[in-house]
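Peer 1: the following block contains a protein sequence and its predicted model.
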Amino acid sequence: MNQSARLAVFLSGTGSNAEKIFSYFKDHPSICVGLVLSNNLEAQGLQRAIKFNIPTRTFTKQQFRESDEVLDWLKESEITHIVLAGFLWMIPINLIKAYPNRIINIHPALLPKFGGKGMYGIKVHEAVKAANETQTGITLHEVNEKYDEGKIIFQATCNVLSTDTPELIAGKVQALEHTHYPTEIEKWINP
Ligand code: GAR
């Protein structure tokens, strides 16, 4: 019997991965997206959630870090698992304690390389290029108190050509993200 789950998706920007997740779980028999949250009122991902009729919430740094308000919203929405999809703030300890091993993140490189604070978006791909890597990819990992250091759940790789620009690398990595994130979330919940 599959475990049923209600996901909260946290995002800070475009939300292209979030949209793939909304779409994949739209008519899923046991997993749904119950809430979308952002630190950024202008995040495009919030508009994507509204199109899927998913409730949204936004919060300030103070609400997130210094109160239980966000945790209370998650409880009210009966959220069982948290998915980070381009969310750029560190998750506070109250959420990590409330959702042990139940928070997942996607990182656009092969951790432990090219991770840590400040490593997001095009900066990651610029660093991959500068290091003359011949491969890069994506990492899905559980979230703990440290940036990008939780247990690795899944990685997929792609080649980097010497002629690739950071933008070209970003495109290859994004294609991997869109292909794998929804299905790997499903396997993570119901192995
Ligand atoms: C994704 O590439 C994701 O891996 C990255 O932000 C992008 C969000 O894109 N996350 C990180 O860099 C976390 N350190 P999206 O908003 O279009 O899904």
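Peer 2: Sure, I can see it.

Peer 1: nearest spatial neighbour of residue 93, chain-adjacent residues omitted?
Peer 2: Nearest residue to residue 93, sequence neighbours excluded (Cβ to Cβ, 6 or more residues apart in numbering): residue 145, at 6.3 Å. Glycine gets a C-beta too; all of them are placed from N, C-alpha and C.

Peer 1: quick one: name the residues of the protein near the ligand.
Peer 2: For the chain, the residues in contact with the ligand (Cβ under 6 Å from any ligand atom) are 11, 13-18, 45, 85-86, 106-108, 119-121, 124, 174, 177.

Peer 1: name the helices or strands packed onto the helix or strand harbouring residue 126?
Peer 2: Residue 126 is located in helix 122-130, with elements delineated by DSSP states H and E. Applying 3 or more Cβ pairs under 8 Å, 6 or more residues apart in numbering; DSSP states H and E, we find helix 122-130 packed against helix 166-189.

Peer 1: the helix it packs on vs helix 122-130, what angle?
Peer 2: For helix 166-189 against helix 122-130, the angle by axes from the mean of the first three to the mean of the last three Cα atoms, to 10 degrees is 110 degrees.

Peer 1: buried set for helix 166-189?
Peer 2: When burial is assessed from 16 or more other Cβ atoms under 10 Å, helix 166-189 yields the following buried residues: 166, 169-170, 172-174, 176-178, 180-182, 184-186, 188-189.

Peer 1: quick check on the residues of the chain next to the ligand: which are buried?
Peer 2: Here, 16+ other Cβ under 10 Å leaves 11, 13-18, 45, 85-86, 106-108, 119-120, 124, 174, 177 buried among the residues of the chain next to the ligand.
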